[in-house]
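**Student:** Here you go, sequence then predicted model.
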Amino acid sequence: MAQLVSTDPATGAVVGAVDVTPADQVPAVVARARAAAPAWAALGTAGRAARLRPLAAAITARADELARLLTREMGKPLRDAAGEIRSVADGVDHELAEIEAALAPEELDDGRTRSTVFHDPLGVCAAITPWNFPFAMPHWMAFPALAAGNTVVLKPSEETPLIAQAYAELVRALVPDGVLQVVHGADEQGKALVAADVDLIAFTGSRAVGKQIMAAAAGGLKRIILELGGKDPLIVLDSADVDKAATFAARNCFRNAGQVCVATERIYVARPLAERFVSRLAVEADKLTVGNGLDDGTRIGPLVSARQRDHVLAQVGDALARGATLVRGGEHDGLFVQPTVLTGVSPDMAIAREETFGPVACVTVVDDADEAVALANGSRYGLGAVVFGADDDRTRQVARALDAGMIGVNQGVYGARGAPWVGARESGFAFHGSRDGHRNFTQTRVLSRPR
Ligand code: NAD
């Protein structure tokens, strides 16, 4: 059987391997998932929650080992990997309680008719996930599907099969056979899974693949949840605390070497603050140690692959050729790319339009808030957006004018517990998280009778 060999992007060393699932065997995997579905659905939300709740403790018991595996396979610094593992474990109880509440039958009575609205399992869910949060993403796509009573076939990224397999094994120890299965491989296996007899495709990944999935799902009118790429803007208004804005920008441009769907990829800064903002951003970039994620003190690991590095460097090269100015960085060594700060970025540059997914801060100076909003909204993407400014009506107006799914004001885009994770425009279709997001993993049914 062909093997998928996983290598450490920091060293090139082999971390491990998994068997590739032959694409022609995917329908049989899905058939097993379908056979397991009725009994899993029959447990009810409370019964399933009882089975899944020990996942938190099971992850916590192996947290250190999982974090090391994540770092070795994907490259992110160990403390970030540990944070990713912990965030999944910490969220389990809340998520299960939220799902139970979201899926409880609702009673309606208008005096003439009584209706009950149910949120039933859909059947079999395909969960297809990327490599940038390789433990959290399988959980984000598979866990709400399972808790809602679906069985799941997970197809993790071919870059990070081992940590996804480790996640799946922790869940599989808690659920009956066939409830969660894993298909390993790349786009061939992903396509085979989308084409198989699945009822829902929960996908996190690139916009290009999201479009392919939407097209492939159309024939069977299969349900889809697509969490796609972004090109998030940060607007720094002239009323902003410039130091706080620059510190935020450094963190959100360079975290996970920029390989974050809600990374800040475009910065529009008010002219009076621009010089101070850029110099502070450069100082923050200088503080970040680039290296092997397992080494103490590393803040930025390698990019995940040579393909990703080449893509990032090509965008930087194009921007410089078109007149951008290099303030910091630009160099690379193997897959390690120095945090890079560019100014004079204009909309004709690829780096201003297409997702970069690398440690690059792109600064454009603007004359007023209207110009900033127009530039920020001039994108096909609409995942997140952030505005820094005084705590006043003008800042709130700018925030409300931004065409994104998640908007942060003087902070990142992460919402309070219970908020959805949602993209606008070509950054997503349907969404997950929150009461409404959990319901996207179900079939809503209404049963009505006379009063
Ligand atoms: P990708 O789209 O290349 O791959 C994602 C998954 O889809 C992988 O498992 C891949 O094997 C599979 N795949 C590839 N072609 C397929 C096809 N035709 N049919 C079915 N499956 C197919 O994305 P990636 O490079 O792994 O991840 C990076 C992307 O993910 C970025 O665009 C990033 O912004 C996005 N992302 C979005 C979110 C979000 O919440 N919106 C979160 C994380 C990452």
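**Tutor:** Sure thing, it's come through. Bear in mind the structure is a predicted one, so any value in this text is a computation, not a measurement.
**Student:** surely residue 14 meets residue 6?
**Tutor:** Yes. If you go by Cβ atoms under 8 Å, residue 14 and residue 6 touch, sitting 7.3 Å apart. No exception for glycine: its C-beta is placed from N, CA and C like everyone else's.
**Student:** In terms of neighbours, single out the busier of those two.
**Tutor:** Remark: of residue 14 and residue 6, residue 6 carries more neighbours, 21 against 10, as counted by other Cβ atoms under 10 Å.
**Student:** Residue in the stretch 101-250 of the chain with the shortest distance to the ligand?
**Tutor:** Taking Cβ to the nearest ligand atom, the ligand has its nearest neighbour within the stretch 101-250 of the chain at residue 190, 2.2 Å off.
**Student:** so that residue, which of the three states?
**Tutor:** helix (DSSP: H, G, I helix; E, B strand; the rest coil).
**Student:** how is this protein carved up into domains?
**Tutor:** Following automatic domain parsing, the chain resolves into domains at 3-227+424-450, 232-409.
**Student:** right, is the shortest one up against the ligand?
**Tutor:** Yes. For domain 232-409, a contact with the ligand is found by Cβ under 6 Å from any ligand atom, at 261, 355, 357, 383.
**Student:** end-to-end on that domain?
**Tutor:** 13 Å (Cα to Cα, to the nearest Å).
**Student:** and that domain, how far from the chain's centre?
**Tutor:** 18 Å (Cα atoms, centre = their mean, to the nearest Å).
**Student:** go on, the longest one?
**Tutor:** Taking the mean of its C-alpha atoms, domain 3-227+424-450 sits 13 Å from the chain's own mean (Cα atoms, centre = their mean).
**Student:** Could you point out the longest helix of the protein?
**Tutor:** Assignment by DSSP state H gives helix 78-103 as the longest helix of the chain.
**Student:** List the buried residues of that helix.
**Tutor:** 78, 80-82, 84-85, 88-89, 91-92, 95-96, 98-100, 102-103 (16 or more other Cβ atoms under 10 Å).
**Student:** what's the answer for stretch 64-73, then?
**Tutor:** Neighbour-count burial for stretch 64-73 flags 66, 67, 69, 70, 71, 72, 73 (criterion: 16+ other Cβ under 10 Å).
**Student:** cool, stretch 44-54 as well?
**Tutor:** 45, 48, 49, 51, 52.
**Student:** quick check, nearest of the residues you listed to the ligand?
**Tutor:** Closest to the ligand, out of all of the buried residues of stretch 44-54 and judged by Cβ to the nearest ligand atom, is residue 52, at 21.7 Å.
**Student:** so the closest one touches residue 143, yeah?
**Tutor:** Yes. With contact defined as Cβ under 8 Å, residue 52 reaches residue 143; the gap is 7.3 Å.
**Student:** what residues do those two have in common as contacts?
**Tutor:** Here residue 52 and residue 143 have 92, 171 as joint contacts, going by Cβ atoms under 8 Å, 6 or more residues apart in numbering.
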